[in-house]
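Undergrad: this is the structure alone, sequence omitted:
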């Protein structure tokens, strides 16, 4: 039996894929404990893993919107800086101290950590414990031929495009390196040498597992320790039961962030767009928005949550902000999309939907008439569904076995511990 320490934070759509990995490892006979925010206790314990709370590191003790760390809807273009300074790198020393203390109390065979947290990587490196970065969205490791992350760029075609990518890549590195002093302070406290760039921390990872479809992502030559392992498709444990609205008209799912991103006005415009068309709509507001603040209509059902995997079996299209979880589940079901990305990784996820021909992309300020017109296009032109179904076939092949767990078990085995149990499937 192996002992695995997972570290994560309350990152909305990042939580279900990590909990899926935890559940699969527990089912395979491994001992898993998860250092996470107190608000994630129920989701962690539902996997069979042990929940541990951060102490020094930032953590949420309540689910009210005021407790959110990354209030990027208030920051506009400065949203990246909030993420970098409030969660990813700024508090790296505090995250590292918590992880190092836990490893001293109870050694682990490996550490699994969510993509954005740099502190746990520092602690694992200092403790000599192999660590795995769990990347629950598109690949963020720079690769030749892949546009830099953050702006929703399509792959370069012209010389001007390539120069665009070069400049954007340099600016992105500079943006991360604003927090280099904080990262190097964390490393110094753990007895490690300084780095030249924040993203150099990635080099000490034993593995980075990109939990999306290679048929969906933009791919280029990557280091051998960075691997696409297919998406996790589990619904969150807090999803309520659901019954479809009555009628025979096509069903459209509208789903924005599961957390608050100031998306109420966009939801209201989506409801208006859905109500203008001969279809049935299901709008899930998530934890951050009260369904009472987004009135439904005779044809548009508004609920806090529903198991998207069930809804998607009946859906003809999805309207979404292009969070990775909703997007990849829609594609796994072969359902095309209207994309309204608001920020974070959503611009880049939407760019991939557009590039693969599985949907159309609009600005999140789009009026109801424009959203309705885009829905009409996606529903009326079969090429969008054909493209989505092509990706669905690839995802079915990628998820036929649990590649993420297989990689983790191979790593632990290579470090002298024997994995147990038969090969499992999600």
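TA: Good, I have the coordinates. Everything numeric in this text was worked out from a predicted model, so none of it was measured.

Undergrad: name the helices or strands packed onto the helix or strand that contains residue 132?
TA: For residue 132, the enclosing helix or strand under DSSP states H and E is strand 131-135. Counting contacts by 3 or more CB pairs under 8 Å, 6 or more residues apart in numbering; DSSP states H and E, strand 131-135 is packed against helix 15-27, strand 110-114, helix 119-127, strand 207-210, helix 403-414. In this view, the C-beta of every residue, glycine as well, is placed from N, C-alpha and C.

Undergrad: what angle separates that strand from helix 119-127?
TA: If you take axes from the mean of the first three to the mean of the last three CA atoms, to 10 degrees, strand 131-135 sits at 160 degrees to helix 119-127.

Undergrad: how about residues contacting strand 131-135?
TA: With CB atoms under 8 Å, 6 or more residues apart in numbering as the contact definition, strand 131-135 has outside contacts at 6, 17-18, 21, 110-115, 120-121, 124-125, 202, 204-212, 404, 407-408, 411.

Undergrad: could you point out which element follows it?
TA: helix 159-177.

Undergrad: pull out the buried residues from that following helix.
TA: Using 16 or more other CB atoms under 10 Å as the test for burial, helix 159-177 gives 164-165, 168, 172, 176-177.

Undergrad: and those residues, which two are furthest apart?
TA: 164 and 177 (20.5 Å; CB to CB).

Undergrad: assign residue 238 to helix, strand or coil.
TA: Of the three states, residue 238 takes coil under DSSP: H, G, I helix; E, B strand; the rest coil.

Undergrad: neighbours of it, just the number please.
TA: 15 (other CB atoms under 10 Å).

Undergrad: what of residue 308?
TA: Neighbours of residue 308 under the rule other CB under 10 Å: 25.

Undergrad: repeat for residue 401
TA: 15.

Undergrad: the one 4 residues further on now?
TA: The number of residues packed near residue 405 is 24, by other CB under 10 Å.

Undergrad: isn't it right up against residue 25?
TA: Yes - between residue 405 and residue 25 there is a contact under CB atoms under 8 Å: 6.2 Å.

Undergrad: ok, the nearest residue in space to residue 180 that is not next to it in sequence - contacts?
TA: With sequence-adjacent residues excluded and distances taken as CB to CB, 6 or more residues apart in numbering, residue 180 is closest to residue 198, at 5.4 Å. Taking CB under 8 Å, 6+ apart as the criterion, residue 198 is in contact with 89, 118, 176-177, 179-180, 183.

Undergrad: same check, this time on residue 322
TA: 337, 339-341, 346-347, 349-350, 353.

Undergrad: which of the residues you listed sit farthest apart?
TA: For the contacts of residue 322, with distances taken as CB to CB, the pair at the greatest spread is 337 and 347 (14.2 Å).

Undergrad: so in the protein, where's the weakest helix or strand by average pLDDT?
TA: Across the helices and strands of the chain, mean confidence by mean pLDDT, DSSP states H and E is lowest for helix 79-83: a mean of 82.

Undergrad: in whichever helix or strand comes after it, what's buried?
TA: For helix 79-83, the following helix or strand on the C-terminal side (DSSP H and E) is helix 92-105. By 16+ other CB under 10 Å, the buried positions in helix 92-105 come out as 92-100, 102-103.

Undergrad: also stretch 34-46?
TA: Within stretch 34-46, judged by 16+ other CB under 10 Å, the buried ones are 34-37, 39-40, 43-44.

Undergrad: from the residues you listed, pick the one nearest residue 282.
TA: The closest of the buried residues of stretch 34-46 to residue 282 turns out to be residue 43 (CB to CB; 23.1 Å).

Undergrad: counting by contacts, list what the helix or strand encompassing the closest one packs against.
TA: Applying DSSP H and E as the criterion places residue 43 in helix 41-46. Taking 3+ CB pairs under 8 Å, 6+ apart as contact, the helices and strands that helix 41-46 lies on are helix 15-27, strand 50-53.

Undergrad: contacts for it?
TA: Helix 41-46 is contacted from outside by 15, 19, 22-23, 34, 36, 50-51, 53, 236-238, using CB under 8 Å, 6+ apart.

Undergrad: dump the helices and strands packed on strand 131-135 into a markdown table; add mean pLDDT as well.
TA: Listed next are the helices and strands packed on strand 131-135 as a markdown table, based on pLDDT from 0 to 100:
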| stretch | mean pLDDT |
| --- | --- |
| helix 15-27 | 95 |
| strand 110-114 | 97 |
| helix 119-127 | 97 |
| strand 207-210 | 97 |
| helix 403-414 | 92 |
